[in-house]
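[1] here is a sequence with its predicted model. Questions after.
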Number of protein chains: 6
Amino acid sequence: MRPSGRNPDQLRPITLEIGVSKWAEGSCLARFGDTHVLCTASIDEGVPGWLRNSGKGWVTAEYGMLPRSTDTRTDREASRGKQSGRTLEIQRLIGRSLRAVTDLRGFGERQIRVDCDVVQADGGTRTASITGAYVALYQAFDHMRRLGAISRVPLSEPVAAVSCGLYRGTALLDLDYAEDREAEADANFVMTASGGIVEIQATAETDPFSRAQLDGLMALAADGIAELVRKQREALGVSG
Amino acid sequence: MRPSGRNPDQLRPITLEIGVSKWAEGSCLARFGDTHVLCTASIDEGVPGWLRNSGKGWVTAEYGMLPRSTDTRTDREASRGKQSGRTLEIQRLIGRSLRAVTDLRGFGERQIRVDCDVVQADGGTRTASITGAYVALYQAFDHMRRLGAISRVPLSEPVAAVSCGLYRGTALLDLDYAEDREAEADANFVMTASGGIVEIQATAETDPFSRAQLDGLMALAADGIAELVRKQREALGVSG
Amino acid sequence: MRPSGRNPDQLRPITLEIGVSKWAEGSCLARFGDTHVLCTASIDEGVPGWLRNSGKGWVTAEYGMLPRSTDTRTDREASRGKQSGRTLEIQRLIGRSLRAVTDLRGFGERQIRVDCDVVQADGGTRTASITGAYVALYQAFDHMRRLGAISRVPLSEPVAAVSCGLYRGTALLDLDYAEDREAEADANFVMTASGGIVEIQATAETDPFSRAQLDGLMALAADGIAELVRKQREALGVSG
Amino acid sequence: MRPSGRNPDQLRPITLEIGVSKWAEGSCLARFGDTHVLCTASIDEGVPGWLRNSGKGWVTAEYGMLPRSTDTRTDREASRGKQSGRTLEIQRLIGRSLRAVTDLRGFGERQIRVDCDVVQADGGTRTASITGAYVALYQAFDHMRRLGAISRVPLSEPVAAVSCGLYRGTALLDLDYAEDREAEADANFVMTASGGIVEIQATAETDPFSRAQLDGLMALAADGIAELVRKQREALGVSG
Amino acid sequence: MRPSGRNPDQLRPITLEIGVSKWAEGSCLARFGDTHVLCTASIDEGVPGWLRNSGKGWVTAEYGMLPRSTDTRTDREASRGKQSGRTLEIQRLIGRSLRAVTDLRGFGERQIRVDCDVVQADGGTRTASITGAYVALYQAFDHMRRLGAISRVPLSEPVAAVSCGLYRGTALLDLDYAEDREAEADANFVMTASGGIVEIQATAETDPFSRAQLDGLMALAADGIAELVRKQREALGVSG
Amino acid sequence: MRPSGRNPDQLRPITLEIGVSKWAEGSCLARFGDTHVLCTASIDEGVPGWLRNSGKGWVTAEYGMLPRSTDTRTDREASRGKQSGRTLEIQRLIGRSLRAVTDLRGFGERQIRVDCDVVQADGGTRTASITGAYVALYQAFDHMRRLGAISRVPLSEPVAAVSCGLYRGTALLDLDYAEDREAEADANFVMTASGGIVEIQATAETDPFSRAQLDGLMALAADGIAELVRKQREALGVSG
């Protein structure tokens, strides 16, 4: 029995609520149980210098946690004057994941900035961020399409993410904080609707794990991601 | 007629929702129309070095805006590596306002950190922050009281804040962003339930204003704050 | 009896000495008793990017304290690697105050940078800074006028500032450090020669104060500022 | 045919040279072809505050690249004033990898700091770093053992790392920079002598990759790591 | 003829004015012609951690320039967020120079911080700083002596500094800014009353210079420093 | 007898190894005994803004120490977020020394960046850096000459550097760390092949030193530099 009482292959209750920002071109409040991440996508005219006159756009992401999104308060990064290694690592991962399904030549020399801000954290904030960020990004592109700036949404297929872990030897899907804290291994999977792998980060927390254990985690992840993609499509009201 | 269509002395729809954080000892989502500020209060055992062995506690505040809480995206302060002068100014104001009604000798050598994070901005974020911060602070103290750490909530009376401004020569209460952008003068009032003045910051945006105009702003503010205090008491379910 | 022995409505000895810098286009050493602030105004050709091709100039201010301008030594901000919230707040206030009386269209796309450096501090450094900064700014504009770059000084009227406070219930004008440290409330008033209000910052240090008390402070301030404006005109040798 | 002319499953020439520092308790110059990383291990008496009185030690790592270790010069991080996200990500990975095989209770309240400085870069700097860092760490522990501070080297088994990638659809072992730049996917594997997985980071550079492709990369990695462990044991002159 | 019209071996008018700070334990406004440096010495109880329980005190220095002390305005270091290499180099030099004549065992575990702030710059700010800093330091020690904290001023002899340079092949003493800008070589000499050399920094600005030229500069410096030491003793009213 | 057993006028074994970097246009590993500095020279097209359209190029230098290049580990400057005053001072010295023999009009609007990274430190790192940096710079220019970008190497003559010091009253050449730590005075000399003085930095570590002692140090330095220039010419295979 896992601490949360869920079945090993059971996601937490997932909701992806769109249109939650008065200002952003795309927005999604992603809730994975008690983990709540507010994702917004903002369109900038123009690209970073190294892409100028390339005919390509760019998608980038930033990640942050509100100081008391966590169990005990975490220092505010703006106040400490720098982002932690963990923050930088996560926002680089979100950006790569989104770019993996984006046709950078499909929306002109523009930059989409996706902000993922963790309003409440209970494990799996990076996977909730990626899952919600895709939805916000889709909406921002759709906003451009409706304005006539582009003729189609330049996204090849949905991308989503989920964590899995080994807990007392058993593979569990979508760990919450209490489960994650005790897991022997922790893995994050980013995959597309069609089952393509975008990124795997698997880490032994206590002892090294085996190839067979990795296979078990990956099988859980594939099913979880299929479910998350259904939620994304439902939220966006699209089948594609 | 003001841009928002409200009467000059009419607040925006105000809601103060408590218990919005799974982790924080006190929390309040303050909504002043489309301005939404998430306020949390966190209790730290121990005080800053300069208060050690003084028998006194401390209350401090931090303020931040999500990057896309604003009309156009604002750079993330954590990423720029420093907080702006505006941010520092606002968080100092929130802290002073809360300490003005707190008995620092009434809760031991502890520090309460109040975080005010603007999830969506539409003018008046600092006044919504102060108003919500009081509610979160009250709850954190009440949490300590229920645990038996203190015998009473060490707050003398509620404190709330509202902005007023001169718009085409008329004094208006609780400006939204569209009104604020065009105002000739902008003033923020922090006052207590009993009408005591805690802080006034009044600034001419275009031309200097007169003593009579200031009096007009202050009269609006006093009424607005009385209404906000009623909302605070209602949210907390207390009469005191 | 106030600690300094002055009457409640009595300023400290004020001197505004001009021409104190070999290099600056405008300069003023403002002395409010033992508070000494060196104000210089420097003309830059060109404006910040957001004003380019607007036909407008800009006036900005920076503020600093020498490390041992204070009773006990204060850490050097350059060495700590950042300016404090207090410093940023004060320099923003000085800049706004100067811009309130400046015709930004009246001197081309140039930027005037006013530096207010506190050589010795004994209370009221921000009000001495504003009062001296106006004089330095006037001189810099007059320097441009004499060179034929502009035909008139683009300042509508003098602006000056003074602090007032409640000390044992009595309203006092122009507090020195010893008085300020014990004051129940502290207010800074920035006003023009014609009595227009540019900025009010009033703060309760111990208990909230009343509307009547604020009125008392403001009455003192109005008289004090009239006297400071006389000193400014005398220093500049102008009646306007 | 891969750009380097090697077989798909062929490592670059690997040398692990020990004793290269006059001062460090352990040191190893790891050469993976033209990638040269200087690894040193330094023993500190004492641990970070959060481990004090825990009876446990700590192992941590830092990573850096000399500015002209790369094809075109990279800005010096010390001069830019911060470490990049990539740097922080890599040094966190090195530290986790070493701790996965270290008995933190086996060497008292001491901290071993491992520095991995890239003297010349030609792809695979993080995997060369981990492989060399293990050797330097072993030596530092052995140094303590010879001094009698500990009775045995508190390392459970060797840990090493290698990169693999998909290049024109083929899985290749130990990519150099020219190969990495063109790879469709890039994966780093950290594994122990006994085949346990410590960390996997697999990233699609262009298109998502399949489960079968991941399996191919992992098979190459397992063989490569077995070879690297032989080199480590040889360098250290130990069989264990 | 040198630009300033002075003889090659002639100092600028020098004044060392003491007692210029209301707060500092020692202070001196050093004027070398139009170069004006305000030097203050502040006594801290306690020493940096590495000197604790050593029975020794410490003397350190900080240096800064007001933004418009220079011909054209220099960015404020506090605002840029770091001190320049030049600033750090100068303050290290001042500190070393003072420590060279201070008996660090002669005033208990205290730290004297000397601040040298350039109010107006016209060449030779580092040499004016050292010369004035000695005077401020002496006074701070004398202040401690008068309070009975120490029985004698722990300074072995005066230390002063002067710059010399090669201008059109001629050695000149105490260059002002106009001369320095055109000098072929620039040298700073720090020497004691008895003629001991504390520090020499000699730099070729255009072409390398010869040993004979260095000798010429040094001869000028020795005479200049003797004169500066007379001024120091006169300012302090002491013969020692 | 000096600690190292060398004669007072004896350099440590010196080697200047060229071509040590796969990527840099010029490189030299300078070994002064156990002090090893890796010097690389990198060519940038373009110059800093203040030189644009001047027809001049620029040469600049950066300096760093690997954390465990020293006896006990030194904090990594990239991790601390700033370069120390000592680092800035040294890299400014290296840059000035190289520019003193470079014809800045002789290689177009390009910038050469020389990086001096101390791989192992045993005293005299700045003098080894300058000596090696000249060799790397020469090679970078020669690389441009061979590519036809310039017709001759724009260096007037070799420049090298050596340290001398007073140790128990005796002048010693090229101090190692053990000697330097105990020296009464420490001097660094930068001179050209023809004996011109580029820079002298002489510092009393304990007591002030005399003119005669300085002369003794300088005589040793002149001979040492002549020997270093021979090594430079040998390494470069040139007589000029």
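    Good, I have the coordinates.
[2] state the distance from A:Thr87 to chain D.
    Applying Cβ to the nearest Cβ, to the nearest Å, the value for A:Thr87 to chain D is 8 Å. Backbone N, C-alpha and C define where each C-beta goes, glycine included.
[3] give me the phi and psi for that residue.
    When read as degrees, to the nearest 10, the backbone of A:Thr87 gives phi -60, psi -50.
[4] the spatially closest residue to it that is not a sequence neighbour: neighbouring residues, count only.
    Nearest residue to A:Thr87 in three dimensions, chain neighbours excluded: A:Tyr63, at 5.7 Å (Cβ to Cβ, 6 or more residues apart in numbering or on different chains). Neighbour count for A:Tyr63, taken as other Cβ atoms under 10 Å in any protein chain shown: 29.
[5] over to A:Ile18?
    Other residues lying near A:Ile18 total 18 when counted by other Cβ under 10 Å.
[6] okay, and the beta partners of it?
    A:Cys28 (DSSP bridges).
[7] could you say what helices and strands the longest helix anywhere in chain A packs with?
    Secondary structure of chain A per DSSP state H: the longest helix is helix A:211-236. Judged by 3 or more Cβ pairs under 8 Å, 6 or more residues apart in numbering or on different chains; DSSP states H and E, the packing partners of helix A:211-236 are strand A:14-18, helix A:125-146, strand A:159-167, strand A:170-173, strand A:185-192, strand A:197-204, strand D:197-204.
[8] which bits of chain A sit near chain F?
    Residues of chain A lying near chain F by Cβ under 8 Å from any Cβ of the partner chain: A:Lys82.
[9] about what we covered before: pick the most deeply packed of the helices and strands packed on helix A:211-236.
    strand A:159-167 (a mean of 27; mean count of other Cβ atoms under 10 Å in any protein chain shown).
[10] for that strand, name the packing helices and strands.
    Counting by 3+ Cβ pairs under 8 Å, 6+ apart, strand A:159-167 packs on helix A:85-99, helix A:125-146, strand A:170-173, helix A:177-182, strand A:185-192, helix A:211-236.
[11] now the second one: mean pLDDT?
    In this model, helix A:125-146 has an average pLDDT of 98.
[12] does chain D have contacts with that helix?
    No. Helix A:125-146 does not reach chain D (Cβ under 8 Å from any Cβ); its nearest approach is 13.1 Å.
[13] any part of that helix near chain B?
    No. Helix A:125-146 is not in contact with chain B by Cβ under 8 Å from any Cβ; minimum separation 9.6 Å.
[14] now do that helix against helix A:85-99: the angle between them, please.
    Comparing the axes of helix A:125-146 and helix A:85-99 via axes from the mean of the first three to the mean of the last three Cα atoms, to 10 degrees yields an angle of 40 degrees.
[15] now the angle from helix A:125-146 to helix A:211-236?
    Interaxial angle, helix A:125-146 versus helix A:211-236 (the same axes, to 10 degrees): 40 degrees.
[16] the residue nearest to A:Thr87 reaches A:Gly132, doesn't it?
    No. Applying Cβ atoms under 8 Å, one finds A:Tyr63 not in contact with A:Gly132, separated by 11.5 Å.
[17] low-confidence ranges in chain A?
    Filtered on pLDDT under 70, chain A yields the residue ranges A:240.
[18] what do you get if the cut-off is 90, keeping everything else the same?
    When residues are selected by pLDDT under 90, those of chain A lie in A:1, A:81, A:205-207, A:238-240.
[19] as a quick check, tell me the outermost residue of it.
    Residue farthest from the centre of chain A, counting by Cα atoms, centre = their mean, is A:Asn53 at 30.0 Å.
[20] so what's that one up against?
    Neighbouring residues of A:Asn53 by Cβ atoms under 8 Å, 6 or more residues apart in numbering or on different chains: A:Glu109.
[21] distance of the residue nearest to A:Thr87 from B:Glu109?
    Separation of A:Tyr63 from B:Glu109 (Cβ to Cβ, to the nearest Å): 35 Å.
[22] hey, what's the residue nearest to A:Thr87 bridged with?
    A:Cys116.
[23] identify the residues contacting it.
    A:87, A:90-91, A:94, A:115-118, A:126, A:129.
[24] now with 6 Å?
    A:87, A:90-91, A:116 (Cβ atoms under 6 Å, 6 or more residues apart in numbering or on different chains).
[25] ok, of those residues, which one's closest to E:Met1?
    Of all those, E:Met1 sits closest to A:Thr87, with 63.9 Å by Cβ to Cβ.
[26] how deep is whichever residue of chain A sits closest to chain C tucked in, by neighbour count?
    Going by Cβ to the nearest Cβ, chain C is nearest to A:Gly81 of chain A, at 7.6 Å. A count of neighbours around A:Gly81, defined by other Cβ under 10 Å, yields 18.
[27] quick check: chain neighbours aside, which residue is closest to it?
    Spatial nearest neighbour of A:Gly81, excluding adjacent residues (Cβ to Cβ, 6+ apart): B:Gly81 at 5.3 Å.
[28] phi and psi next, for the one you found.
    Per degrees, to the nearest 10, the backbone of B:Gly81 is at phi 90, psi 0.
[29] ok, now A:Pro13?
    According to degrees, to the nearest 10, A:Pro13 has phi -60, psi 130.
[30] let me see the contact set for it.
    Taking Cβ under 6 Å, 6+ apart, we find A:Pro13 in contact with A:Gly33.
[31] got it, and A:Val159?
    In this structure, A:Val159 makes contact with A:97, A:101, A:134, A:192, A:198, judged by Cβ under 6 Å, 6+ apart.
[32] can you redo these as JSON lines with distance to C:Glu17?
    Formatted as JSON lines, the contacts of A:Val159 follow (distance: Cβ to Cβ, whole Å):
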{"residue": "A:Ser97", "distance to C:Glu17": "64"}
{"residue": "A:Val101", "distance to C:Glu17": "68"}
{"residue": "A:Tyr134", "distance to C:Glu17": "65"}
{"residue": "A:Thr192", "distance to C:Glu17": "73"}
{"residue": "A:Val198", "distance to C:Glu17": "69"}
